[in-house]
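1. need a structure here:
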Amino acid sequence: QVQLVESGGGVVQAGGSLRLSCAASGGRALSRYNVGWFRQAPGKEREFVAAISWSGMTTDYADSVKGRFTISRDNALNMVFLQMNSLKPQDTAIYSCGADPDPDAMGSSPQFFDYWGQGTQVTVSS
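-> Numbers count the residues shown, from 1 in each chain. Model (predicted):
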């Protein structure tokens, strides 16, 4: 089991940048998990944003954020990051990180992620 806490959200103008952090505490080290970022806008379903394997060797992105967002991790710090550049108003949502304990496959569906943080709000103004 692992507890996750997101931070780094805020209000930014279109074209701006934010860096989200996902910190782990308690139980197993975050290095034992694949980690994904998901977002949920009001009235919409949770959607996949990006994921990174436990080793950091494999990453995956939603088409809507490719070339703008970068996921990375520092296992020594027990943290995963999401660098978001060229933000658009449609990126506005609550962003959450999830931990997937299966080391052999990295999924992009929320069902694969057993542990979640409480989320951090990102608001992009036009």
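2. beta partners for A23?
-> V5, M79 (DSSP bridges).
3. quick one: the strands in the protein?
-> Along the chain, the stretches classed as strands by DSSP state E are 3-7, 10-13, 18-25, 34-40, 47-52, 59-61, 69-74, 79-84, 93-100, 115-116, 120-125.
4. next, the buried residues of the fourth one.
-> To tie it back to what came earlier, the one meant is strand 34-40. N34, V35, G36, W37, F38, R39 (16 or more other Cβ atoms under 10 Å). In this view, the C-beta of every residue, glycine as well, is placed from N, C-alpha and C.
5. which one is the spatially most central residue of the chain nearest to, not counting chain neighbours?
-> Centroid-nearest residue in the chain, with Cα atoms, centre = their mean: W37, separated by 2.2 Å. Closest residue to W37 apart from its sequence neighbours, by Cβ to Cβ, 6 or more residues apart in numbering: V49 at 4.3 Å.
6. just give me the neighbour total for the closest residue to V124 other than its chain neighbours.
-> Excluding its sequence neighbours, the residue lying closest to V124 (Cβ to Cβ, 6+ apart) is L87, at 4.6 Å. By the measure other Cβ atoms under 10 Å, the count of residues near L87 is 22.
7. which residues of this protein score low on pLDDT?
-> Counting by pLDDT under 70, the chain contains no low-confidence range.
8. closest one to S109 among the strands of the chain?
-> When the strands of the chain are compared by Cβ to Cβ, strand 47-52 sits nearest S109, at 7.1 Å.
9. also compute the angle for that closest one relative to strand 93-100, please.
-> 50 degrees (axes from the mean of the first three to the mean of the last three Cα atoms, to 10 degrees).
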